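[1] Sharing a sequence plus its predicted fold:
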Amino acid sequence: MTDKRVLTIQDISCLGQCSLTVALPIISACGVETIILPSAVLSTHTGGFTGYTFRDLTEDIPGIMNHWINEKQSFDCIYTGYLGSITQIDYVGDLIENVLNEGAVKIIDPVMGDNGRFYSGFNEEFLKNMAGLCGKGDVVLPNITEASFMTGLPYRAEGHDEEYIMSLLHGIKKLGTKKVILKGISYEKGKIGVAVYDCISDDLKYYFTEKIERNSHGAGDCYAAAFTGAFMQGFDEYEAAKIAADFVVESIKKSVGDENHWYGAKFERALPNLVNMVNK
């Protein structure tokens with residue numbers, strides 16, 4: 001086990017099992033100190049709830065960063081999730097410049113959309129700036145929608161083949177990132193997986209799991225957090241990607257059959273297994 005410190009910047013959705021409310025417990029369960037920087041506070045996430053409250057914390061970010069600088073605090077990794085504006089993307093650049101240790105890992109989850117569509121509030125201008133941030137990343141974790149947006153290639157909900165996946169990976173490589181974990185690949189019915197691609201060596205590996213037919217809000221955030229925790233404990237990107245995938249599948253399985261828990265995955269019940277996997 002290592003004593004690494006991860007800084008994660010994303011929103012707090014008080015109810016909904018996504019963003020910081022999953023990043024903090026999951027990365028911490030991997031034995032990694034987790035420092036949070038909230039970009040906004042919402043009463044719930046926006047996926048299916050109505051009338052939620054929202055407080056933008058963009059203006060607080062520079063003051064928090066400057067306090068850390070004054071206190072001589074620095075971190076071994078920055079992991080970004082949902083960012084609500086171009087200004088927040090710019091502030092991530094400032095954090096990279098000012099509060100990361102030498103050789104720190106930059107993990108970017110370019111949360112913008114799914115199922116071929118932008119999430120509410122995002123547009124082409126935001127996309128351009130997020131693609132620029134991904135170019136600074138050591139590891140980028142897009143889904144198929146986000147990869148197609150950033151590369152300008154058509155979105156395919158199904159009918160994936162290796163030629164299509166490679167075109168997405170090569171397009172992201174052109175942004176400047178070092179490694180890509182492309183989520184949501186399906187080459188056969190009942191299976192879903194990730195492509196783990198090294199942009200420098202051109203090495204490509206896949207990992208597939210069974211596909212659970214349940215729409216689980218926050219599953220991507222659970223994946224990114226578990227990947228970050230495992231990666232910071234010394235697992236290489238492929239092993240970390242496998243651990244994260246197995247964790248998310250178990251989390252979704254724990255949620256199947258509970259129609260009242262439509263708003264997220266019961267990741268808490270899968271945490272003991274994640275701890276075991278990381279401590280092997």
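    Received the coordinates, thanks. Numbering: from 1, shown residues only.

[2] Tell me where the stretch 1-150 of the chain has helices.
    20-29, 61-70, 86-98, 124-134, 144-151 (DSSP state H, counting those that start in this stretch).

[3] contacting residues for the residue lying closest to residue 215 once chain neighbours are set aside?
    Nearest non-adjacent residue to residue 215, counting by Cβ to Cβ, 6 or more residues apart in numbering: residue 262, 8.0 Å away. (C-beta placed from N, C-alpha, C; glycine too.) By Cβ atoms under 8 Å, 6 or more residues apart in numbering, the contact list for residue 262 reads 48, 215, 217.

[4] From those, list the buried ones, please.
    For the contacts of residue 262, a burial check counting by 16 or more other Cβ atoms under 10 Å picks out residue 217.

[5] and stretch 157-171, which residues are buried?
    Those would be 160, 164, 165, 168, 169, 171, for stretch 157-171 by 16+ other Cβ under 10 Å.

[6] Tell me who's in contact with the fourth one.
    The one in question is residue 168. Residue 168 touches 144, 147, 148, 151, 153, 182, counting by Cβ under 8 Å, 6+ apart.

[7] about what we covered before: go through the contacts of residue 262 and name the one nearest residue 34.
    residue 217 (21.2 Å; Cβ to Cβ).

[8] Test my guess that that closest one contacts residue 16.
    Yes: using Cβ atoms under 8 Å, residue 217 makes contact with residue 16 at a distance of 6.5 Å.

[9] Show me whatever sits in contact with both of the two.
    45, 47, 263, 264.

[10] which residues in the stretch 51-200 of the chain form strands?
    54-56, 75-80, 100-108, 113-114, 117-118, 139-140, 179-185, 191-198 (DSSP state E, counting those that start in this stretch).

[11] Which residues does the longest one contact?
    Spelled out, it's strand 100-108. The contact list for strand 100-108 (Cβ under 8 Å, 6+ apart) reads 7, 74-80, 96, 133-134, 136-141, 177, 224, 227-228, 231-232.

[12] and the residues you listed, which are buried?
    Buried members of these, counted by 16+ other Cβ under 10 Å: 7, 75-80, 96, 133-134, 136-141, 177, 224, 227-228, 231-232.

[13] Residues contacting stretch 180-198, please?
    Under the contact criterion Cβ under 8 Å, 6+ apart, stretch 180-198 has outside partners 139-144, 147, 158, 160-162, 165, 168-169, 172-173, 178-179, 199, 203-211, 220, 223, 227, 237-238, 241, 245.

[14] Name the residues of that stretch that come out as buried.
    180-186, 192-198.
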